[in-house]
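J.: with the input below, show me the fold.
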Amino acid sequence: MKKQVIVVASLVLMIAGLVGIITPTSVSAINVDPKVNICHRTNSVTNPYTKNSVNRSSVDGFGNGDHYKEHKGPLASSQAVASFYKAWHIEWGDIIPPVPGFHNGLNWTTEGQAIYNNDCNYVTSVTPKTVTFVDPTCDTEGKYIIPSKTGVVYKVDGQVVAANEYTAQPGETVTVTAEAASAAYTLTGKTSWTHEFAIPKDCEEEVANISYGVVCSAEGAVITFTNSGNADGEVTLNGETIPVIAGATVERTLVTTDAGVQVTITIDEVVVYDELVICDDGEVLGTTDTPTTLPNTSGNIAPILIGLVAGLSLIAGLASLAIRSALTRQ
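T.: Numbering: from 1, shown residues only. Predicted coordinates for the structure are as follows:
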């Protein structure tokens with residue numbers, strides 16, 4: 001009798017243990033049916049889909065009322081396409097993402113995914129405008145032009161840039177990509193451009209080559225500056241900055257007195273002429289030092305030498321006259 005009681009008690013404990021393992025929580029977890037977002041078809045041409053969240057069992061292709069099983073129509077990718085379907089009494093289908101283990105989706109094409117990602121609304125197809133590249137020359141900078149297009153954003157090396165004209169250095173490589181401005185747009189055609197800007201060859205170096213001259217006239221000391229180079233330059237005369245464009249000659253006249261006039265010329269921040277100029281009979285007198293010269297710069301000192309020679313000749317003549325007078329008296 002005791003053995004029977006023990007056996008019955010053991011069976012009761014085993015059953016109680018099994019019941020304890022199967023808790024309400026465990027049963028609930030087993031019966032969970034995940035939700036799936038789909039674009040459910042409507043009968044409206046302007047608004048062909050609504051965004052619905054349904055049980056996975058409603059889109060796995062089994063049972064009555066299953067969206068994947070019963071809404072097999074084609075994709076209404078645009079209002080024109082939906083109008084065509086409606087005119088011919090064709091029902092378009094849902095847009096359903098893949099359900100692992102059951103199917104790879106319904107109307108899950110590139111266009112279908114674009115509508116799905118745009119909250120089940122139509123998507124506008126846009127072709128980006130082409131980016132323009134202009135190589136540099138010896139006289140101009142390189143540049144690239146970013147166009148403006150609704151629904152498109154352009155990026156340079158990954159950074160969004162506004163529609164505008166941008167400069168580029170010789171030898172620089174620039175990559176431009178186009179992306180949809182939002183989920184409401186999808187892009188077609190070319191969406192990436194890469195360009196390496198050429199390096200100009202055989203370009204002549206631009207140099208200002210300025211020479212000067214100093215002569216006398218009835219008005220005073222005349223200073224001329226001539227730029228034989230291919231770039232604009234400038235000189236300084238007695239503290240005044242004087243522009244001298246390429247291929248031009250500039251003249252300045254300084255009024256002189258019996259005491260003369262100081263002439264100081266600076267080119268490339270170096271003083272190349274610094275003399276007291278005394279004018280007499282159209283010649284430069286009183287100058288004894290040869291002015292400093294620079295590469296591509298020459299000074300006109302011929303009038304100075306002429307004046308010196310004339311002065312020495314006059315002294316020699318006076319000396320000869322004095323000697324003859326002395327000999328005559330003896």
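J.: from here on, just use CA atoms for contacts and neighbour counts.
T.: Noted.
J.: tell me what the nearest residue to residue 193 once chain neighbours are set aside is bridged to.
T.: For residue 193, ignoring the flanking residues on the chain, the nearest one in space by Cα to Cα, 6 or more residues apart in numbering is residue 176 at 5.2 Å. Note on residue 176: beta-bridge partners residue 156, residue 193, judged by DSSP bridges.
J.: residues touching residue 176, list them.
T.: 131, 154-157, 192-194 (Cα atoms under 8 Å, 6 or more residues apart in numbering).
J.: go again using 6 Å as the cut-off
T.: Residue 176 is in contact with 155-156, 192-193, counting by Cα atoms under 6 Å, 6 or more residues apart in numbering.
J.: then residue 198?
T.: Contacts for residue 198 (Cα under 6 Å, 6+ apart) come out as 135, 170-171.
J.: CSV for the contacts of residue 176, including neighbour count?
T.: Converted to CSV, those look like this (neighbours: other Cα atoms under 10 Å):
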residue, neighbour count
155, 17
156, 16
192, 15
193, 15
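J.: residue 60: which of the residues you listed is nearest?
T.: For those, the closest approach to residue 60 (Cα to Cα) belongs to residue 192, at 39.3 Å.
J.: need the nearest residue in space to residue 278, chain neighbours excluded.
T.: residue 260 is the one closest to residue 278 (Cα to Cα, 6+ apart), at 4.1 Å.
J.: you'd agree that neighbour is up against residue 254?
T.: No - contact criterion Cα atoms under 6 Å: residue 260 and residue 254 do not qualify, at 9.9 Å.
J.: what about the two, which has more around it?
T.: More neighbours surround residue 260 than the other of residue 260 and residue 254, with 20 against 17 (other Cα atoms under 10 Å).
J.: got the confidence number for that one?
T.: Here the pLDDT value assigned to residue 260 is 88.
J.: flag the shaky bits of the protein, pLDDT-wise.
T.: Within the chain, the ranges that satisfy pLDDT under 70 run 1-32, 281-330.
J.: try 80
T.: Judged by pLDDT under 80, the chain has its weakly predicted residues at 1-33, 204-205, 280-330.
J.: partner strands of the longest strand anywhere in the chain, with direction?
T.: For the chain, the strand that runs over the most residues, judged by DSSP state E, is strand 270-280. Applying DSSP bridges, strand 270-280 is found paired with strand 261-267 (antiparallel), strand 283-285 (antiparallel).
J.: who wins for proximity to residue 55 among the ones you listed?
T.: When the strands paired with strand 270-280 are compared by Cα to Cα, strand 261-267 sits nearest residue 55, at 87.7 Å.
J.: mind exporting that closest one as CSV, just the C-alpha atoms?
T.: The C-alpha trace of strand 261-267 is given here as CSV (Å, rounded to 0.1, in the frame of the first residue of the first chain):
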residue,chain,number,x,y,z
VAL,A,261,67.6,118.3,-58.8
GLN,A,262,68.0,115.1,-56.9
VAL,A,263,66.9,112.0,-59.0
THR,A,264,66.4,108.7,-57.1
ILE,A,265,65.1,105.7,-59.0
THR,A,266,64.2,102.4,-57.4
ILE,A,267,63.4,99.2,-59.3
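J.: just how off-centre is it within its chain?
T.: Between the centre of strand 261-267 and the centre of its chain there are 46 Å (Cα atoms, centre = their mean, to the nearest Å).
J.: how about that strand: buried residues?
T.: Within strand 261-267, the residues that count as buried by 16 or more other Cα atoms under 10 Å are 261, 263, 265-267.
J.: and which of these is nearest residue 277?
T.: Nearest to residue 277 among the buried residues of strand 261-267: residue 261, at 5.2 Å, using Cα to Cα.
J.: for residue 200, see how far away the closest residue to residue 203 other than its chain neighbours is.
T.: Closest residue in space to residue 203, ignoring its immediate chain neighbours: residue 138 at 5.4 Å, by Cα to Cα, 6+ apart. Counting by Cα to Cα, to the nearest Å, the separation of residue 138 from residue 200 is 6 Å.
J.: check residue 79 too.
T.: When residue 79 is compared with residue 200 (using Cα to Cα), they lie 52 Å apart.
J.: same question, residue 160
T.: Per Cα to Cα, residue 160 is found 29 Å from residue 200.
J.: do residue 68 as well
T.: Residue 68 is 63 Å from residue 200, by Cα to Cα.
J.: more neighbours: which of these two?
T.: Neighbour comparison, residue 68 and residue 200: the larger count goes to residue 68, with 21 against 14 (by other Cα under 10 Å).
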